[in-house]
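In: fold the stuff below for me.
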Amino acid sequence: MAKMTKSQMIAALADKTGLSKKDVAAFMDSLTEMAYKEVKGAGEFTVPGIGKLVKMHRKARTGRNPATGAEIQIPAKTVVKFRVAKAAKEAVL
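Out: Next up is the predicted model:
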């Protein structure tokens with residue numbers, strides 16, 4: 001089974017809700033824009049029943065170059081992680 005593309009998702013949601021594909025696409029774009037804005041400002045964005053995007057700070061650490069085996073310093077940085085909701089885990093697994 002192949003993964004669903006964005007256009008397939010829009011078509012499926014439009015069919016299921018009775019909305020036009022254009023309206024569903026606009027909603028998805030608005031949701032994405034809102035998620036980015038909230039994570040950047042508040043540090044997290046929750047989609048109930050699915051999970052949440054969380055902005056986290058990673059400390060600097062020592063790593064290893066796999067090609068040469070040499071130790072390298074990996075600088076501290078901010079990353080975005082996705083935490084799956086318990087309901088989603090139970091529904092899928």
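
In: C-alpha from now on. contacts and neighbour counts both.
Out: Will do.

In: centroid residue for the chain?
Out: Of all residues in the chain, the one closest to the mean position by Cα atoms, centre = their mean is residue 82, 5.3 Å from it.

In: name the helix or strand for the residue nearest to that one when sequence neighbours are not counted, please.
Out: With Cα to Cα, 6 or more residues apart in numbering as the criterion, residue 82 has its nearest non-adjacent residue at 4.6 Å, and that residue is residue 53. Here residue 53 is covered by strand 51-58, with elements defined by DSSP states H and E.

In: which residues touch the helix ranked longest in the chain?
Out: Taking DSSP state H as the criterion, the chain has its longest helix at helix 21-42. For helix 21-42, the external contacting residues (Cα atoms under 8 Å, 6 or more residues apart in numbering) are 10, 11, 13, 14, 44, 45, 53, 54, 55.

In: list the contacts for the fourth one?
Out: Put plainly, it is residue 14. Counting by Cα under 8 Å, 6+ apart, residue 14 has contacts 20, 21, 24.

In: make it 10 Å
Out: 8, 20, 21, 22, 23, 24, 25 (Cα atoms under 10 Å, 6 or more residues apart in numbering).

In: which among those residues gets closest to residue 71?
Out: Checking the contacts of residue 14 against residue 71 with Cα to Cα, the nearest one is residue 8 at 45.1 Å.

In: if we can go back for a sec, give the buried residues for whichever helix or strand comes after the strand holding residue 53.
Out: As assigned by DSSP H and E, the chain's next helix or strand after strand 51-58 is strand 61-64. Buried residues in strand 61-64, counted by 16 or more other Cα atoms under 10 Å: none are found.
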